[in-house]
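J.: following is a predicted model, sequence given first.
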Amino acid sequence: MRLILFIFFIIFCVVILSSFNQQNLSEFMSDYGEFGWAIYIGFWVILPIFLFPAGILAIGGGAILGFWEALICAMIGVGINSAIMYFIARYFSGAFDTAKFERVKNKFCKDEFSLIILLRLIPIVPYNVVNYMAGALRFDFVKFIIAGVLGKFISAVLFINLGSNIANYKSYEFWLALLLVVLMGAVAFWVRKILNRRVG
């Protein structure tokens with residue numbers, strides 16, 4: 001039964017993801033004016049569940065709400081969303097061989113807190129996948145939430161800063177923000193390449 005629900009859940013995720021883009025989110029938030037911050041938190045809570053890219057949410061929030069408001073709302077949303085995704089994955093993992101999950105966890109995830117911090121700081125694995133992975137492998141919930149929010153803070157700062165400067169794309173601040181995001185992506189690519197060599 002859980003496997004059937006899991007299949008329908010994946011199909012639903014694909015449908016939701018294909019219905020949204022950054023322009024749609026921006027228009028929707030703008031329509032609600034002073035309640036834009038609440039809508040933004042709601043986006044962070046709900047959309048990543050359906051595999052919507054966290055980077056788009058961060059950039060869009062920075063462009064519409066400004067740096068500080070978007071950052072605070074994003075961190076609140078990340079905490080709530082991470083908890084929801086964790087328990088979704090924990091529930092659906094029961095449809096599969098949990099012994100295999102335990103073997104993977106024991107081999108690669110001995111220090112859960114440090115691993116989550118690393119995966120958040122250096123996005124070698126998408127935000128959404130990390131949340132589901134932690135639930136499926138039954139990481140300690142409290143450690144996961146604390147490490148997840150702390151680790152996500154850095155990348156959120158970079159992407160939201162880029163979004164808050166995107167209107168002034170000719171400014172020094174915008175190009176510096178863009179450079180920092182590119183550097184983070186380059187580091188993630190480099191780390192992923194090293195890990196692939198070691199695993200291979």
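T.: Arrived safely, thanks for sending. Treat the numbers as computed from the prediction; the structure is a model and nothing was measured.
J.: let's check: the centremost residue of this structure is which one?
T.: Tyr127 (3.0 Å; C-alpha atoms, centre = their mean).
J.: could you find the closest non-adjacent residue to it?
T.: Ala54 (4.0 Å; C-beta to C-beta, 6 or more residues apart in numbering). In this view, the C-beta of every residue, glycine as well, is placed from N, C-alpha and C.
J.: related to what we said a few turns ago, so what's the residue nearest to the centre of the chain up against?
T.: Counting by C-beta atoms under 8 Å, 6 or more residues apart in numbering, Tyr127 touches Pro48, Ala54, Arg120, Lys152.
J.: which SS class is the last one?
T.: I take that to be Lys152. When classified by DSSP: H, G, I helix; E, B strand; the rest coil, Lys152 comes out as helix.
J.: hang on, isn't it packed against Leu119?
T.: No: using C-beta atoms under 8 Å, Lys152 is not in contact with Leu119; the gap is 9.7 Å.
J.: neighbour-wise, which of these two wins?
T.: More crowded of Lys152 and Leu119, by other C-beta atoms under 10 Å: Lys152, with 25 against 22.
J.: the residue nearest to Tyr127: how many residues sit nearby?
T.: Count around Ala54 with other C-beta under 10 Å applied: 25.
J.: coming back round to it: reformat the contacts of Tyr127 as TSV; add distance to Gly79.
T.: Output for the contacts of Tyr127, formatted as TSV (distance: C-beta to C-beta, whole Å):
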residue	distance to Gly79
Pro48	12
Ala54	13
Arg120	12
Lys152	9
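J.: which of the residues you listed fall in strands?
T.: Assignment to strands by DSSP state E places none of the contacts of Tyr127 there.
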